[in-house]
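>>> with the input below, show me the fold.
(2 chains)
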Amino acid sequence: MTNRKTAPGKGGRAMKNGRARENGRARKVYDFREENIFEKRRERLLALLAANGREGSGTGQRAELINPPTLVLASDYFDLAGEEFGRRLVISDGSDGLKYCLRPDFTLPIARHYMKTSPLAPAAYGYLGPVFRQRSQGPCEFEQAGLELIAQQDADQALYRVFDFARDGLALYGISSPGIRLGSIALFEALLQRLDMPDVWRPRLRRRFGSSKAMEALLLRLSPGAGDAESSGNSDEERLLKGLDRERLLDWISRKMLGDGLSLIEGRLPEEIASRYLEKQALSAARVPGDTVGLLRRYLSISDRPEPALDLVRQLLEKAGIDLKDQVEILRSHARQLSLRFPGAPLKLELGFSPRLHYYTGLVFELTGQNAKTLASGGQYDRLLRSLGAGRDISASGCALWVNRLEKEATGPEGGQGNE
Amino acid sequence: MNELILALPSKGRLEEQARQVFSEAGMRINRPGGARSYQGEVEGRPDVMVRFLSAGEIARELIRGNLHLGVTGADLVHEAAENGADMVDFAVPLGFGRADVVIAVPRAWIDVERMNDLSDVAADFSARRNRWLRVATKYVNLTRRHFFRHGIAEYRIVESLGATEAAPASGAADFIVDITSTGATLMANGLKILDDGVILQSQAGLVVSRRAEFSPAARRLADSIVSALQGSISGS
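Down below sits the predicted model:
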């Protein structure tokens, strides 16, 4: 049997048995029988999406199957997600001078479609098709299937419907017990608001949530006794500045900016620079308390089955005198609902787990297969539509399945078990 | 039949200095047609074809495997492709063309002296405004890698093809990543280099392609050129 690297897309597939080599590395190698099996599964996946929402009691509106544009403006992704995500795009220069990319996911094109066609109204979308991303070995094409539920009346029910879809989608490929990772943005944000620390650090900690490396670097800086290195700048200038009050400081900065040809109304404002300068002086006196840093570290390192994990959270919060019962209970019931759909599957609540993207809000989850490969990922992203101009948060949840990985999983690690 | 293709910068100080280090290592480079000819030869090594290209093209063609050896800058190798540095060996640093790729911010940013400051400012800025802090640079790959290493995600790159140092004043970007040898141009434009803001200390070097196909004879030739340069550089 052959070793499937990448499954075929919908159109223009070369049917070939054996080893196909291109640029010296193995690519798309197909087998007729396998092709048929996967074609059938794909049809059932589409049927699953098409049927989504029709049956059951009041589970919301039926999902509309859509195929948003494959070619989208690269700046849409850069504006939303920044350079780290942007560098994974497959980019093309347009003859109109703009940069385009092949869609790396469906969520953003669907959200844009929603904003154009039915802003603020409840909507449900299903999709199946190729997405494109840079990998270390070069650009790659994958297939994704998914469900996006927007502005549904009951946000919890919408999330559970997404869980159902993930369960049914994986079941099509014979997977009933994937690894499950669960994270909560809502609980972290609530905790951050309540912790004892100077306010300036809250948004900075929030922005680092989801990157354990960036977060740890910041926590190290905040740890008692660490501190930032002393400045080495022009000491005359520093002595002068240290003696100035806020008003004179503002004046000094504004004159410097004007002298260097900088705008006083675009970019960083003189007030922002002065405030942060004064804040730096003040923070060397009033730092983040060591207890707060310790609590954050322990909280972010919690990774266990939901009940023991939430027990630990409760203990931490009690000791700090912080009451977040409501948030904890919401997370507990979401975790329970997810585990009900995958009985016996190893479910881990990881309090530090999140994509490092600001538009995710409540719960995020990931279903994994062999070698911890992500088979499905999803969650709540109430802030996405605000970023696209909705003017306010709009509840949204969704999930994307990595079809090629599911197919690989279905054929086993060696590929093609029982096909011979 | 030429076994090995060696590329040198085609003009200016870089060409002079490259030809000089080769001469000092006992490998005089002849360019029979002068500056208007783009091919040459190495005295005493008839199997080597010398091509004169721009330093940027040399980096790109080494990565693609269309050249065996070339003299170019480390900064250009990093910039020609995201994983460009993995596709070549930086075999012999040649000691000229020295310059640093640095992060520079407006002098008026008195609260920003180190990368940690920049990471706070980037997070604050994106949390407060509806846009990212923008950095102008032509060093897209180096910038992304350096910012990732420092855990900074809240920024956008504005690609700049020239006069990067003017970007903050023109409003095209908030700060810059640029190459500098003395820092004088940055100073003149009201910019200061962060205390820990050196991303790459670059210099010209003899670079060997990992992708190019080497016949056994070509490999022997390449090795002999590398060791001749190494011997000459370390002896001087």
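>>> residue with max distance from the center of chain B?
B:Arg128 (35.9 Å; CA atoms, centre = their mean).
>>> what does the stretch 151-300 of chain A put close to chain B?
Residues of the stretch 151-300 of chain A lying near chain B by CB under 8 Å from any CB of the partner chain: A:200, A:203-204, A:206-208, A:211, A:213-215, A:217-218, A:221, A:228-229, A:231-233, A:237, A:241, A:253, A:256-257, A:259-263, A:266-268, A:270, A:272-273, A:276-277, A:279-280. Every C-beta, even on glycine, is put in place using the N, C-alpha and C of the backbone.
>>> return the distance of the lengthiest strand in chain B from the chain's centre.
As assigned by DSSP state E, the longest strand anywhere in chain B is strand B:191-202. Relative to its parent chain, strand B:191-202 has a centroid offset of 15 Å by CA atoms, centre = their mean, to the nearest Å.
>>> what lines up beside it in the sheet?
Sheet pairing here is set by DSSP bridges, and for strand B:191-202 it gives strand B:99-106 (antiparallel).
>>> buried residues, the longest helix along chain B. List them.
The longest helix of chain B (DSSP state H) is helix B:216-235. Residues B:Ala218, B:Leu221, B:Ala222, B:Ile225, B:Val226, B:Ala228, B:Leu229, B:Ser232, B:Ile233 are the ones in helix B:216-235 that count as buried (16 or more other CB atoms under 10 Å in any protein chain shown).
>>> quick one, grab the pLDDT at the residue in the stretch 251-400 of chain A positioned nearest to chain B.
When scored by CB to the nearest CB, the stretch 251-400 of chain A has A:Asp260 as its residue closest to chain B, at 2.9 Å. A:Asp260 carries a pLDDT value of 92.
>>> got it, and the one 5 residues further on?
On the pLDDT scale, A:Ile265 is placed at 86.
>>> circling back to that earlier point, may I have the longest helix of chain B exported as PDB, CA atoms only?
In PDB, the C-alpha atoms belonging to helix B:216-235 read as follows (Å, rounded to 0.1, in the frame of the first residue of the first chain):
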ATOM      1  CA  PRO B 216      33.400  14.900  -7.100                       C
ATOM      2  CA  ALA B 217      35.700  17.200  -9.000                       C
ATOM      3  CA  ALA B 218      33.600  20.300  -8.200                       C
ATOM      4  CA  ARG B 219      33.600  19.300  -4.500                       C
ATOM      5  CA  ARG B 220      37.300  19.000  -4.500                       C
ATOM      6  CA  LEU B 221      37.600  22.400  -6.200                       C
ATOM      7  CA  ALA B 222      35.200  24.000  -3.700                       C
ATOM      8  CA  ASP B 223      37.100  22.500  -0.800                       C
ATOM      9  CA  SER B 224      40.400  23.900  -2.100                       C
ATOM     10  CA  ILE B 225      38.900  27.400  -2.500                       C
ATOM     11  CA  VAL B 226      37.400  27.300   1.000                       C
ATOM     12  CA  SER B 227      40.700  26.200   2.600                       C
ATOM     13  CA  ALA B 228      42.800  28.600   0.600                       C
ATOM     14  CA  LEU B 229      40.600  31.500   1.800                       C
ATOM     15  CA  GLN B 230      40.500  30.200   5.400                       C
ATOM     16  CA  GLY B 231      44.300  29.900   5.400                       C
ATOM     17  CA  SER B 232      44.800  33.400   4.000                       C
ATOM     18  CA  ILE B 233      42.300  35.000   6.300                       C
ATOM     19  CA  SER B 234      43.500  33.400   9.500                       C
ATOM     20  CA  GLY B 235      47.100  34.100   8.600                       C
END
